[in-house]
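Engineer: I would like the atomic coordinates for the input below:
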Amino acid sequence: MAEITFLVEGIVCTGCAMDMENIMLEMDGVEEATVNFKDGIFSITYDPGEIEVKNIIKKVKNLGFKTKIFTEQS
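Structural biologist: Modelled structure (predicted):
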């Protein structure tokens, strides 16, 4: 498993954060997703053998949020 943290723009409430967490958890290979909308930070624990970071970023952008990688650990 690996963990990656993103800076995210556009999440303005806890409802949006919870929706984003739930949608990301539906993706194959995502084990944990946590959004802190106050700090604009989004963290995911994922299996790099099942999902690529570029697909996570694409999904976040498709949800209407701007994002960039903050940290990545394996």
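Engineer: give the residue farthest from the middle of the protein.
Structural biologist: Taking C-alpha atoms, centre = their mean, the residue of the chain most remote from its mean C-alpha position is residue 49, at 17.0 Å.
Engineer: so, low pLDDT: which residues of the chain?
Structural biologist: Low-confidence segments of the chain, defined by pLDDT under 70, are located at 72-74.
Engineer: all helices for it, in order.
Structural biologist: Along the chain, the segments classed as helices by DSSP state H run 14-25, 53-62.
Engineer: for the shortest one, packing partners?
Structural biologist: Using 3 or more C-beta pairs under 8 Å, 6 or more residues apart in numbering; DSSP states H and E as the contact criterion, the neighbours of helix 53-62 among helices and strands are strand 2-9, helix 14-25, strand 41-46, strand 66-73. C-betas here are computed from N, CA, C, even on glycine.
Engineer: how about residue 48: what's its closest non-neighbour residue?
Structural biologist: Distances taken as C-beta to C-beta, 6 or more residues apart in numbering put residue 2 closest to residue 48, at 5.1 Å, once the chain neighbours are dropped.
Engineer: now for that neighbour, how many residues are close by?
Structural biologist: 15 (other C-beta atoms under 10 Å).
Engineer: for beta bridges, what are the partners of it?
Structural biologist: In this entry, residue 2 is beta-bridged to residue 46, by DSSP bridges.
Engineer: looking at the helices of the chain, which is closest to residue 7?
Structural biologist: Set against residue 7 and scored by C-beta to C-beta, those come closest in helix 53-62, at 10.7 Å.
Engineer: and the angle for that closest one with strand 66-73?
Structural biologist: Relative orientation of helix 53-62 with respect to strand 66-73: 150 degrees, computed using axes from the mean of the first three to the mean of the last three C-alpha atoms, to 10 degrees.
Engineer: wait, residue 29 sits on residue 53?
Structural biologist: No - the pair residue 29 and residue 53 does not pass the contact test of C-beta atoms under 8 Å, sitting 10.7 Å apart.
Engineer: hang on, the earlier thing: dump the helices and strands packed on helix 53-62 to a markdown table, plus distance to residue 57.
Structural biologist: A markdown table is the format used below for these (distance: least, C-beta to C-beta, whole Å):
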| stretch | distance to residue 57 |
| --- | --- |
| strand 2-9 | 8 |
| helix 14-25 | 11 |
| strand 41-46 | 10 |
| strand 66-73 | 6 |
